[in-house]
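Novice: Would you be able to build a 3D model of this:
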Amino acid sequence: MTGSVKITVKDYIATIVMDRPPVNAQNSEFRQELIAAFDSMTDRDDVRVVILTGTGSMFSAGADMRERPNPENKGEYWHFNRLARESFNAIQECSKPVIAAVNGPALGAGLGLVAHCDIILCSENAVLGMPEIDVGLAGGAAMLQTLFGKSRARRMFFTGWRVPADELYRTGVAECCVPLEQLMPEAMKLATEIASKTPVGMHYAKQSMNTTMHMPPRDGYRWEQGVTVMLSRTEDAQEARQAFIEKRKPVWKGR
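Specialist: As a prediction, the model looks like this:
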């Protein structure tokens with residue numbers, strides 16, 4: 001794909017690289033490219049897991065401040081906001097698991113991208129922050145609260161504090177904190193493990209996580225049980241059982 005979003009696919013792993021120097025600032029064109037990229041992932045049979053990262057040592061510094069909508073123009077701000085949230089939703093709604101390989105600062109809308117991924121890995125130079133208050137805005141509270149507890153989320157939102165990678169790892173927000181040169185190998189290692197699982201099972205695993213997070217535990221588990229019954233009838237489930245008995249690697253058919 002040309003433009004600011006680059007896609008490569010190998011061994012069922014798609015790598016989506018944000019490439020809009022110098023800081024991967026998100027303008028309308030960039031967001032449309034990102035939406036298209038993640039929408040395509042859902043329909044690709046050659047993709048089982050996605051890695052999202054940035055070029056160099058910058059994940060994304062957030063919205064492009066040179067492209068601010070004019071609130072005096074009817075509908076302009078609402079369209080701007082819609083495009084922003086749909087770029088986040090495209091990641092969360094992608095049917096494949098998405099790993100954020102955070103290779104540097106992820107600020108504002110950059111943090112929004114990270115918050116909508118399934119798993120977060122960080123390089124040592126990464127930071128997460130929502131500095132909207134410093135530019136006279138107040139967006140991103142909902143995203144912060146998916147990653148952090150009440151006190152920390154509010155401290156970050158009220159002060160613009162940027163949390164470093166080692167603290168993200170210490171508190172369980174990120175799965176690792178490694179030197180920058182080790183980040184993509186670490187992401188590939190995890191992606192390879194996920195890609196080895198049954199594609200149809202992983203599709204419903206992602207759907208289960210997205211659906212049950214908004215449900216009471218009792219209702220969520222009941223919903224999952226229905227999914228389990230449905231999956232038990234698939235060819236992949238039968239192959240998984242047979243492979244376990246025969247002590248071999250399963251051969252998935254994706255159905």
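Novice: Tell me which other helices or strands the least confident helix or strand in the chain by mean pLDDT touches.
Specialist: In the chain, the helix or strand scored least confidently by mean pLDDT, DSSP states H and E is helix 235-246, which has a mean of 84. Contact analysis of helix 235-246 by 3 or more C-beta pairs under 8 Å, 6 or more residues apart in numbering; DSSP states H and E lists helix 199-212 as its packing neighbours. For glycine as for every other residue, the C-beta is placed from the backbone atoms N, C-alpha and C.
Novice: Show me the helices in the protein, by range?
Specialist: For the chain, applying DSSP state H gives helices covering 28-43, 76-93, 109-115, 141-147, 150-159, 165-170, 180-195, 199-212, 217-232, 235-246.
Novice: For N125, which of these is the nearest?
Specialist: Proximity to N125 (C-beta to C-beta) singles out helix 180-195 among the helices of the chain, at 5.9 Å.
Novice: neighbouring contacts of the closest one?
Specialist: 11-13, 48-49, 51, 53, 57, 97, 99, 101-104, 119, 121-125, 175-176, 178, 202 (C-beta atoms under 8 Å, 6 or more residues apart in numbering).
Novice: Can you say which of those are buried?
Specialist: By neighbour count, with 16 or more other C-beta atoms under 10 Å, the contacts of helix 180-195 hold 12-13, 48-49, 51, 53, 97, 99, 101-104, 119, 121-123, 125, 175-176, 178, 202 as buried.
Novice: From the residues you listed, which land in strands?
Specialist: I13, V49, I51, T53, I99, A101, V102, I119, L121, C122, S123, V178 (DSSP state E).
Novice: my read: the third one touches A14, true?
Specialist: This points to I51. Yes - counting by C-beta atoms under 8 Å, I51 does reach A14; the two are 7.1 Å apart.
Novice: one step back: most tightly surrounded among the helices of the chain?
Specialist: Each of those was given a mean neighbour count from mean count of other C-beta atoms under 10 Å, and the largest, a mean of 26, is that of helix 109-115.
Novice: Can you show me the CA trace of that one as PDB?
Specialist: C-alpha atoms of helix 109-115 as PDB (Å, rounded to 0.1, in the frame of the first residue of the first chain):
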ATOM      1  CA  ALA A 109      -4.500  10.100  19.400                       C
ATOM      2  CA  GLY A 110      -1.400   7.900  19.300                       C
ATOM      3  CA  LEU A 111      -2.300   6.600  22.700                       C
ATOM      4  CA  GLY A 112      -5.800   6.100  21.200                       C
ATOM      5  CA  LEU A 113      -4.400   3.700  18.600                       C
ATOM      6  CA  VAL A 114      -2.500   1.700  21.300                       C
ATOM      7  CA  ALA A 115      -5.600   1.600  23.600                       C
END
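Novice: Against A63, how distant is P216?
Specialist: According to C-beta to C-beta, to the nearest Å, P216 and A63 sit 35 Å apart.
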